[in-house]
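K.L.:
need a structure here:
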Amino acid sequence: MKKIILIASVFTFGLVNAQEYVQTTTNSANSSKSFSTTGKVAIGKNGTAGQVSKLHVEGQGSFGYQGLLYTNWANEQNWGGDPNKWAGYIGFNAHRANDYPKDYYTNGNPYTNMAAFEGSNDGFRWMYKDLNGGGQNNISTNLSEYMRLTKDGKLGIGTANPEGILDVYGAQNPSMVLKNAANKKLFIALADCNGCHGSFAKPGDAVFRVLGGGDMHFDIPGTNSNRKISFNTAGDQIMTIQEVGTSGKVGVGTTNFPASIGSADLNAYKLFVKGGVLTEEVRVRTGWADYVFDGDYKLKSLQEVEQYIQENGYLPNVPSAKQVEKEGIELGDITRVQQEKIEELTLYTIQQQKEIDELKTLVKSLVEKK
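P.N.:
Modelled structure (predicted):
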């Protein structure tokens, strides 16, 4: 008898398997549950016609522990000021209805913080609410928006209106940190007080810091010439680091990097400054003039020096005023030349002292003969 009933049941199911089996509650057609013979299930709607997914839930769904993970497609009446915009959301202990004000959600557990991820025609939003470890259940509350990705690809963190591809906002001392597993950090911040984020920072200053060791590199790879890193303030170009040919040069107050001045070759020069340079100390590595004291040094006689001055208007081996005005001077070289002249003067003085001593001896002998 049981076999007959089983065969009859299978036969009956086979008669309807070309369609679908529909179970509908008596109070509402929208509360129906549909099961198709193709393995599709619809909850909250009649039939699975046109349904792509295996499971379709019309209305709010909840999952997980105590059903605290919610999903739905709600009418965000205040989203962007347009009451006709819809938004889907995934709520973590947070769900909402169509008539809720913008950003308002209801919790399902008083001890779990609330969060929601929304998506609409305007983009995506991440919102959060800390319940501080306890509170009332089923209370509608305003979630704070912490991140937004707009439909045109702009990401805002701390702001709902990103102005660039990435816009980070913080009300006080905003900062960003990039770090690795070794805890090496690149720290970028805006200071709101003296000493905030950096010992020398003032309110409004931007601060870049490398923490945990390591250097900061500015690298523009490639082989193109005349590329530059420029530091500007108040409309003035303060400093420029520029590739000129195959050599990197630094300009302070200037972007002019001449290859020569007159006959002086400047191609090996790295630093160009427009204006004065004030410093407490300068150290120049250069050759020195001790060759003057070598035994084979050809020291000109004072008569030869006098003749050279009369003919040229300046000392031998010293640049003329015209040349200096046109080409400037090399600090190391002119210091060596000046030392050369000092050492030559020393030799002239020694020579003159010897002649004076000889004259003294001669005069003494003449006086004694009288």
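
K.L.:
Going by C-alpha atoms from here, please, whenever you check contacts or count neighbours.
P.N.:
OK.

K.L.:
Okay, helices next: where are they in the stretch 1-150 of the chain?
P.N.:
Here the stretch 1-150 of the chain has its helices, by DSSP state H, counting those that start in this stretch, at 2-16.

K.L.:
Low-confidence regions, it specifically.
P.N.:
Scanning the stretch 1-150 of the chain for pLDDT under 70 picks out the ranges 1-37, 76-86, 134-135.

K.L.:
Tell me where it has strands.
P.N.:
If DSSP state E, counting those that start in this stretch is used as the criterion, the strands of the stretch 1-150 of the chain fall at 20-23, 33-36, 41-43, 55-57, 61-63, 69-75, 86-92, 104-106, 114-120, 123-129, 140-142, 144-150.

K.L.:
Can you list the buried residues in the fourth one?
P.N.:
The neighbour-count criterion (16 or more other Cα atoms under 10 Å) identifies His56 as the buried residues of strand 55-57.

K.L.:
Counting neighbours, which bits of stretch 290-306 end up buried?
P.N.:
Those would be Val292, for stretch 290-306 by 16+ other Cα under 10 Å.

K.L.:
typo on my end, stretch 270-278
P.N.:
If you call a residue buried by 16+ other Cα under 10 Å, then stretch 270-278 has these buried ones: Phe272.

K.L.:
again with stretch 252-269
P.N.:
So for stretch 252-269, counting by 16+ other Cα under 10 Å, buried means 252-255, 257.

K.L.:
Check the protein for its longest strand and report it.
P.N.:
strand 236-244 (DSSP state E).

K.L.:
still on that earlier bit, pipe the strands of the stretch 1-150 of the chain into a markdown table and attach distance to Phe272 per row.
P.N.:
Below are the strands of the stretch 1-150 of the chain laid out as a markdown table (distance: least, Cα to Cα, whole Å):
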| stretch | distance to Phe272 |
| --- | --- |
| strand 20-23 | 85 |
| strand 33-36 | 81 |
| strand 41-43 | 76 |
| strand 55-57 | 71 |
| strand 61-63 | 68 |
| strand 69-75 | 64 |
| strand 86-92 | 59 |
| strand 104-106 | 61 |
| strand 114-120 | 55 |
| strand 123-129 | 50 |
| strand 140-142 | 59 |
| strand 144-150 | 45 |
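
K.L.:
wait, which of the ones you listed is closest to Ile165?
P.N.:
Proximity to Ile165 (Cα to Cα) singles out strand 144-150 among those, at 9.4 Å.

K.L.:
Can you name the element that comes right after the closest one?
P.N.:
The helix or strand immediately downstream of strand 144-150 is strand 155-157, counting by DSSP states H and E.

K.L.:
Nice, that's everything, thank you.
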